[in-house]
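Q: Provided below are the primary sequence and the corresponding predicted coordinates.
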Amino acid sequence: MVNILNQDQQETIVELMNIGVGRAAAALSKLVQDEVLLSVPKVDFVDSQTAESRFTEILPVALAGVTQAFSGFISGKAALIFPEERSLELVRIVVGHELTASEISELEQDTLAELGNILLNACLATLANILHREIRTALPEAYSGNCHNILKLLCEEDSMIMLVQVDFSLLQRELQGYLAFIIDLQTASGLYDALNEYLEKLL
């Protein structure tokens, strides 16, 4: 288990992620023209082996989602991960029920990329803004595959994973997914320092 944070820092991250997904929920609510509720009950810092076992416990073998590189006070890759079987359902909610299955399938990657863009950017921007730091994000890319392949795609050897459980509730449907922020260990001290500064100012 990898955890560079003490309890105060960990609680602050959960709080900041909840603010981030709250902002994302507001943007998604406009997109689907219905209330979207998102919450972050849990944030863990783990290595890739622990992340893989966590995914296999909760999520099915086939996963889908979006990846996005980021750089600034911390660098790495962010990913939105959820069961592939639910991805078309999620796309249908976003683009509307009147489309045919084949039309929805065609729109799947673009819609997932947009969804990931909203969620990942909201969390990263919130983290940077509240901690008074800068962060830049690349264009999102949709992907699908099994858990092992996705983690292989995302993780460098020298990295730490901030695993954020996200509970979605939209149009009377419940869906659980994860946001994974794969932070380059060489920049992890930037997160540690920013959280310390933030907590000192609060006190």
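A: Here it is on my side, so go on.
Q: the protein: strands as residue ranges?
A: 36-46, 62-72, 76-83, 135-137, 141-146, 159-170, 173-184 (DSSP state E).
Q: turn the ones you listed into JSON lines, including mean pLDDT.
A: Shown next, in JSON lines, are these (pLDDT from 0 to 100):
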{"stretch": "strand 36-46", "mean pLDDT": "82"}
{"stretch": "strand 62-72", "mean pLDDT": "87"}
{"stretch": "strand 76-83", "mean pLDDT": "86"}
{"stretch": "strand 135-137", "mean pLDDT": "94"}
{"stretch": "strand 141-146", "mean pLDDT": "80"}
{"stretch": "strand 159-170", "mean pLDDT": "81"}
{"stretch": "strand 173-184", "mean pLDDT": "81"}
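Q: could you identify which of those is most buried?
A: strand 76-83 (a mean of 24; mean count of other CB atoms under 10 Å). The C-beta positions use only the backbone N, C-alpha and C, and glycine is treated the same way.
Q: export the strands of the chain to a markdown table and tack on distance to Leu119?
A: Converted to a markdown table, those look like this (distance: least, CB to CB, whole Å):
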| stretch | distance to Leu119 |
| --- | --- |
| strand 36-46 | 8 |
| strand 62-72 | 8 |
| strand 76-83 | 6 |
| strand 135-137 | 12 |
| strand 141-146 | 13 |
| strand 159-170 | 8 |
| strand 173-184 | 7 |
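Q: which of the ones you listed sits closest to Ser53?
A: Of all these, it is strand 36-46 that lies closest to Ser53, at 9.1 Å by CB to CB.
Q: show me what that closest one is packed against.
A: Helices and strands touching strand 36-46, by 3 or more CB pairs under 8 Å, 6 or more residues apart in numbering; DSSP states H and E, are helix 7-32, helix 48-58, strand 159-170.
Q: sheet partners, orientation included, of it?
A: Neighbouring strands of strand 36-46 in its sheet, by DSSP bridges, are strand 159-170 (antiparallel).
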